[in-house]
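Student: Quick check, what structure comes out for this input:
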Amino acid sequence: MTNERKVVAAYFLSLDGVAEKANEFLTGWDDETDAAGEQVIATQDCVLLGRRTYDEWSGFWPTSDIEPFASFVNAAPKYVATSTSLGDAWPNSHAITGDLATFVRDLKTQPGGDIGIHGSISVTRSLLTAGLVDELHLVIAPTVVGTGQKLLDALGPLRLETIHATKTQVGHVLANYRVLNNH
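Tutor: This is a model prediction of the structure:
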């Protein structure tokens, strides 16, 4: 057994798997959903982002008071899959040079906590395909959106093991899975 860091992807999903614009399909909020989010970030010490998510988040999170995520994401090193310069817009942000999967394989062998992916669907898909995502932590809203980018579209077969699942007061299903077919 190795002591590699885990890559943990955390998402809000509609029941039909849509992962974008969660604010449009979440049915409410409760203490259990808050606690689940706090548990995820408590073990993470850095974040992987795609360029689109970085551009959106760098304009929002630095001045946000949505805690504890704002403090976490602003302080954590952010590694961004991009081929262009990030500038100085958001402290602790670093462009990934070279291949994303190679970068993440190396990052997993370095000392530290879990590596988080939040809101970057293409990064998550790419790393699932490469066998580099260890866990999925999902908040599933009891809503069918019908259209939008789905987290698990265009992937090959994945075998998952349920780590934990529960229903919250507002009807979200908190489901944590271990990805079993990693390389």
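Student: other SSEs contacting the helix ranked longest in the chain?
Tutor: Once the chain is assigned using DSSP state H, the helix that runs over the most residues is helix 31-42. Packed against helix 31-42, as judged by 3 or more Cβ pairs under 8 Å, 6 or more residues apart in numbering; DSSP states H and E, are the following elements: strand 7-14, helix 69-75, strand 135-141, strand 173-179. Any C-beta I mention is one placed from the backbone N, CA and C, and that applies to glycine too.
Student: Look up the pLDDT of residue 132 for me, please.
Tutor: Reading off the confidence values, residue 132 has pLDDT 96.
Student: nope, residue 156 is what I meant
Tutor: The model reports residue 156 with a pLDDT of 87.
Student: show me where pLDDT drops low in this structure?
Tutor: Within the chain, the segments meeting pLDDT under 70 span 1-2, 182-183.
Student: Give me the distance between stretch 160-179 and the centre of its chain.
Tutor: 15 Å (Cα atoms, centre = their mean, to the nearest Å).
Student: Only C-alpha atoms, please: export it in PDB.
Tutor: Provided in PDB are the C-alpha atoms of stretch 160-179 (Å, rounded to 0.1, in the frame of the first residue of the first chain):
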ATOM      1  CA  LEU A 160     -17.400   2.600  -7.700                       C
ATOM      2  CA  GLU A 161     -17.700   1.500  -4.100                       C
ATOM      3  CA  THR A 162     -20.100   3.400  -1.800                       C
ATOM      4  CA  ILE A 163     -18.200   4.900   1.200                       C
ATOM      5  CA  HIS A 164     -21.100   6.700   2.700                       C
ATOM      6  CA  ALA A 165     -24.700   7.800   1.700                       C
ATOM      7  CA  THR A 166     -27.300   9.700   3.600                       C
ATOM      8  CA  LYS A 167     -30.300  12.000   3.000                       C
ATOM      9  CA  THR A 168     -30.400  15.500   4.400                       C
ATOM     10  CA  GLN A 169     -33.400  17.400   5.800                       C
ATOM     11  CA  VAL A 170     -33.900  19.300   2.500                       C
ATOM     12  CA  GLY A 171     -33.700  16.000   0.500                       C
ATOM     13  CA  HIS A 172     -30.200  16.100  -0.800                       C
ATOM     14  CA  VAL A 173     -28.500  12.700  -1.000                       C
ATOM     15  CA  LEU A 174     -24.900  12.900   0.200                       C
ATOM     16  CA  ALA A 175     -23.100  10.100  -1.600                       C
ATOM     17  CA  ASN A 176     -19.300   9.400  -1.300                       C
ATOM     18  CA  TYR A 177     -17.800   6.900  -3.600                       C
ATOM     19  CA  ARG A 178     -14.400   5.300  -4.000                       C
ATOM     20  CA  VAL A 179     -13.300   4.800  -7.600                       C
END
